[in-house]
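Colleague: 3D model of this:
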Amino acid sequence: MIETRRGKLVERLKEKGLDAVVIVPGANMSYFTGISLKQTERLILTVITTNGDLFFIVPQVEKSKFEMEGSGLVFWYTDEQGATKALTEFLSKSGTLEKVGIEYGRMTVKELKAVESLDPITIDDISDLVDSLRLYKDEQEIDMCKKAVNIVEESLHNTLPFIKPGVKETEIAARLEYEMRKRGSQATPFETIVASGYRGALPHGRASEKQIQNGELVVLDFGAVFQGYVADITRTVAVGEISNEFKEIYDIVKEAQQAAINAAKAGITSHEVDEAARKVIRHKGYGEFFTHRTGHGIGLNGHEQPYIMQTNQLVLKPGMTFTIEPGIYLPHKGGVRIEDNIVINNHGVTNLMTYTKELIILNGECSRVES
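Modeller: Below you'll find the predicted structure:
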């Protein structure tokens, strides 16, 4: 599978008249080599040439990992030496490289300077080209996403009884992350959001020391990673009885989210899906309180193409996976967001999530679903 991916990449490089691509640690390195690492202060570069050669420039501390897991030639350096010697050795073995592509949107300045030192090459930004190859998920990738979804749904279900007045947002976040780890999540793709009461009006309200109170809505937005693939869920729950205003905005968001899911299918643009959700919220008089895009792609990254937003005319096609997560945020009062992960197929969409979107009202150890 990895070799097939690299083969497609090489064909695209040839079409653009490039000799190679330089990839940094992250999702693309994992996708094209099977090696998963994060960017650090130590230089790590993967070079894939149009001849099909694969090279790694790595620190000594990671040498054995690349020799065990990679299928390319490894050039390593010690912390004391720095990367210059390894880069020089790479140049002597790589043949003539006149024009190379880079991930402009992901490279650090240090990584860029290292590539620029490989005279006499010229550099071309091919971020969109590289990312486009990951845009369409195969069955194995979708299965990994499904397993990640199972983790977040089970973790949510087992955390709900823990949410009650007096518990801190940070404690709820810790519980969610513990439950996900128990079920096989490798990491969290982003900082867990637990935003209660007035803090629910913050779309990115990371968990704080605020305590949960009766009569509040609590926005729970969190993610799991299974074998590199991300699931991202949001549910908004009530603690005790809430106001009619909160019930109203909950119902509006639920309707808007379903409208966007109903609109999504192959041949429809990202803009049209966004507009389906936005139209419902706007019609109900809350348009100014929906302050972000309707969704984003998911896969090896928590946020990637396709972005479901206004003006994005990208046409949806089978294999694209993304979130649908409209919201309403009332300043100083609270907010609601509901999020599912869906996949475009030949007949419409598959919603990978099954967890209820009816309003859950928590009361001590008990909860009820209000439809």
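Colleague: Residue 39 - nearest residue in space that isn't next to it in sequence?
Modeller: Excluding the flanking residues, the one nearest residue 39 by CB to CB, 6 or more residues apart in numbering is residue 25, at 4.8 Å. Where C-beta positions appear, they are placed from N, C-alpha and C, glycine not excepted.
Colleague: Report how many residues lie close to the one you found.
Modeller: Per other CB atoms under 10 Å, the neighbour tally for residue 25 reads 22.
Colleague: now swap in residue 115 and tell me
Modeller: 17.
Colleague: Nearest residue to it in space, please, no chain neighbours.
Modeller: Spatially, and ignoring its direct neighbours in sequence, residue 115 is nearest to residue 22 (5.3 Å; CB to CB, 6+ apart).
Colleague: now the one you found: how far from residue 10?
Modeller: 14 Å (CB to CB, to the nearest Å).
Colleague: Neighbour count for these two, which is higher?
Modeller: residue 22 (24 against 19).
Colleague: list the contacts for that one?
Modeller: Applying CB atoms under 8 Å, 6 or more residues apart in numbering, we find residue 22 in contact with 45, 46, 47, 100, 101, 102, 103, 115.
Colleague: Going along the chain, name the helices of the stretch 151-300 of the chain.
Modeller: With DSSP state H, counting those that start in this stretch, the ranges of helices along the stretch 151-300 of the chain come out as 169-182, 244-263, 270-283.
Colleague: One more: the stretch 1-150 of the chain?
Modeller: Here the stretch 1-150 of the chain has its helices, by DSSP H, counting those that start in this stretch, at 2-15, 27-33, 63-69, 84-94, 109-116, 127-133, 139-159.
Colleague: Who are the packing partners of the second one?
Modeller: Counting contacts by 3 or more CB pairs under 8 Å, 6 or more residues apart in numbering; DSSP states H and E, helix 27-33 is packed against helix 2-15, strand 20-23, strand 45-49, helix 127-133.
Colleague: Please identify the deepest-packed of these.
Modeller: Mean neighbour count (mean count of other CB atoms under 10 Å) peaks for strand 20-23 among these, with a mean of 25.
Colleague: Output that strand as PDB, restricted to C-alpha atoms.
Modeller: The C-alpha coordinates for strand 20-23 follow below in PDB (Å, rounded to 0.1, in the frame of the first residue of the first chain):
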ATOM      1  CA  ALA A  20      12.100  14.800  -6.000                       C
ATOM      2  CA  VAL A  21      10.000  15.900  -3.000                       C
ATOM      3  CA  VAL A  22      11.200  16.600   0.500                       C
ATOM      4  CA  ILE A  23       8.800  15.700   3.200                       C
END
